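Enquirer: Coordinates only, no sequence provided:
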Ligand code: UD1
């Protein structure tokens, strides 16, 4: 497996183009299953998770044509009749479970392996299952697969989630577009990726209202048609690169960046003493003189502080002035980066879902290991601030979510290179 070598201490200067959102694309691509006509997605990021979803959709009979190296994809489910999502593909990525709702809606049956993904907690599927059952499906777990059937098709229903789950909201929304009658999702997730999916489904002919609020209403239609949709900016890639000059010093403009995608995160950056300014093309970030200030962070559903930026923020707070407390409220096992940061000289105590970070003057380069997607990139960022050389081993997870990280950071002056295995 490749590793990434970072030499710290060089200030950054320049622009970084932020890609389309992985998490939006992973929900938009399965939406193609809902229609006999093609769905074209532009601004699709070039990532291994996207290739995994492509492989999964192809195994279901979807024809996928890619242009511009995968940046534009046309997905046609005209002849897609297969309804089994196989374990060998699904185990690679949890978002594979997003084919369940569309398959059930269009074919009235689906057999989907229980997923894998990052090792950041239990991540069950009970909310997805309960919602689809309320819509008339019968679902059984057999041999590691969910066997779902909706004889005569799905029916609209009122669904209230006890956790505002992103994936369950997406699966239910997609399933409801072709159900008979009206579906109301209460305590729906409000993330920008949900809004993006609703906009795409609407372009395909779906009747949806309320996305971006906690109640989404979907009136089922008989069929969906063709559409072209641009994938929203990746707010997690954006937040990650916004942090880069805070670690390394200097100033970086993130092209395509928008404050409304990351309100709570930007507030914390201001409190930490980081300047964020809007420009005509995105957001410019620079660290004010000296060390950042300690800040307390609690991860929450949108519009709160995103769990997917918690590892990167923790890495930043390792060298802040003072003590910061980070509370992880979304996933129970998401501090695997902490012991790796400690190997680089950080002072962190973890107790359950709370991490206390006592800021130190400097981090020191070390060989470290990436254990999940966001943990991997937090170690690269830490390497930008550290004295000497940091070798981030096992970057398999990084390539799932970050397009050419070494090229993007290298272009703004970071000393970073990929060493093939
Ligand atoms: C999505 C994102 C992921 C992000 C997460 C939270 C994608 C592809 N991935 O994941 O990057 O970290 O949102 O913002 O979009 N839960 C249940 N039962 C369920 C479903 C979820 O208990 O049926 C729990 C999970 O264990 C977790 C919480 O709900 O504790 C939130 O999970 P959810 O919002 O569903 O995350 P994902 O959609 O998997």
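Expert: That came in fine, so what should we check first? Predicted model only: the values in this text are computed from it and were never measured.

Enquirer: Where do the strands of the stretch 301-421 of the chain begin and end?
Expert: 323-327, 347-351, 354-358, 367-369, 389-393, 415-419 (DSSP state E, counting those that start in this stretch).

Enquirer: and the lowest-mean-pLDDT helix or strand in the chain, what does it pack onto?
Expert: Ranking every helix and strand in the chain by mean pLDDT, DSSP states H and E puts helix 398-401 at the bottom, with a mean of 89. Here helix 398-401 is seen to pack against helix 48-59, helix 373-385 when contacts are counted using 3 or more CB pairs under 8 Å, 6 or more residues apart in numbering; DSSP states H and E. For every residue, glycine as well, the C-beta is placed using N, CA and C.

Enquirer: could you pull out the helices for the stretch 201-350 of the chain?
Expert: Taking DSSP state H, counting those that start in this stretch as the criterion, the stretch 201-350 of the chain contains helices spanning 235-248, 263-271, 310-317, 337-343.

Enquirer: can I get the helices and strands packed on helix 398-401 in CSV with distance to the ligand, mean neighbour count and mean pLDDT?
Expert: CSV is the format used below for these (distance: least, CB to the nearest ligand atom, whole Å; neighbours: other CB atoms under 10 Å; pLDDT from 0 to 100):
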stretch, distance to the ligand, mean neighbour count, mean pLDDT
helix 48-59, 8, 20, 96
helix 373-385, 8, 28, 95
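
Enquirer: Take those and write them to JSON lines, including distance to residue 164.
Expert: Shown next, in JSON lines, are the helices and strands packed on helix 398-401 (distance: least, CB to CB, whole Å):
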{"stretch": "helix 48-59", "distance to residue 164": "22"}
{"stretch": "helix 373-385", "distance to residue 164": "20"}
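
Enquirer: With respect to residue 138, which of those lies nearest?
Expert: helix 48-59 (23.5 Å; CB to CB).

Enquirer: ok, residues contacting the least confident helix or strand of the chain?
Expert: Contact with helix 398-401 is made by 2, 4, 22, 47-49, 93, 236-237, 370, 373-374, 376-377, 380, 392, 405, as judged by CB atoms under 8 Å, 6 or more residues apart in numbering.

Enquirer: go with 6 Å
Expert: Contact partners of helix 398-401, identified using CB atoms under 6 Å, 6 or more residues apart in numbering, comprise 22, 48-49, 373, 376.

Enquirer: sorry, back to before: could you point out which of the strands of the stretch 301-421 of the chain sits nearest residue 13?
Expert: Here strand 415-419 is closest among the strands of the stretch 301-421 of the chain (CB to CB), at 13.5 Å.

Enquirer: List the buried residues in the closest one.
Expert: For strand 415-419, a neighbour-count test (16 or more other CB atoms under 10 Å) marks 415-416, 418 as buried.

Enquirer: Average pLDDT for that strand, rounded please.
Expert: Strand 415-419 comes out with an average pLDDT of 96.

Enquirer: gap between that strand and the chain center?
Expert: Relative to its parent chain, strand 415-419 has a centroid offset of 24 Å by CA atoms, centre = their mean, to the nearest Å.

Enquirer: quick one: the residue lying farthest from the centre of the chain and the ligand, what's the gap?
Expert: No residue in the chain sits farther from the centre than residue 152, which is 34.3 Å out by CA atoms, centre = their mean. Per CB to the nearest ligand atom, to the nearest Å, residue 152 is found 25 Å from the ligand.

Enquirer: Apart from its neighbours in sequence, what residue is nearest that residue?
Expert: residue 108 (7.4 Å; CB to CB, 6 or more residues apart in numbering).

Enquirer: Please apply the same query to residue 65.
Expert: Nearest to residue 65 is residue 74, by CB to CB, 6+ apart, at 4.6 Å.

Enquirer: sorry, back to before: what is the burial count for the residue nearest to residue 152?
Expert: Close neighbours of residue 108, defined as other CB atoms under 10 Å, add up to 18.

Enquirer: got a list of what residue 113 touches?
Expert: 87, 90, 144-145 are the contacts of residue 113 under CB under 6 Å, 6+ apart.

Enquirer: Just the pLDDT at the closest residue to the ligand within the stretch 151-300 of the chain, thanks.
Expert: Residue nearest to the ligand within the stretch 151-300 of the chain: residue 167 (2.9 Å; CB to the nearest ligand atom). According to the prediction, residue 167 has pLDDT 97.

Enquirer: show me what contacts it?
Expert: Contacts of residue 167 (CB under 6 Å, 6+ apart): none.

Enquirer: If we use 8 Å, what do you get?
Expert: With CB under 8 Å, 6+ apart, residue 167 has these contacts: 27, 94-95, 97-98, 128.

Enquirer: cool, and residue 350?
Expert: Here residue 350 is in contact with 335, 338, 356 (CB under 8 Å, 6+ apart).

Enquirer: swap the cut-off to 6 Å and go again
Expert: By CB under 6 Å, 6+ apart, the contact set of residue 350 is 335, 338.

Enquirer: ok, it to residue 341 distance?
Expert: 11 Å (CB to CB, to the nearest Å).

Enquirer: What residues of stretch 85-95 count as buried?
Expert: Buried residues in stretch 85-95, counting neighbours by 16+ other CB under 10 Å, are found at 85-87, 89-95.

Enquirer: For this structure, what lies in contact range of the ligand?
Expert: 23, 26, 94-95, 121-128, 163, 165-168, 189, 193, 307-308, 330-331 (CB under 6 Å from any ligand atom).

Enquirer: same thing but at 5 Å, please
Expert: 23, 26, 95, 123-127, 163, 165-167, 307-308 (CB under 5 Å from any ligand atom).

Enquirer: re earlier: quick check: which element contains the residue of the stretch 151-300 of the chain closest to the ligand?
Expert: Assigned by DSSP states H and E, residue 167 belongs to helix 166-177.
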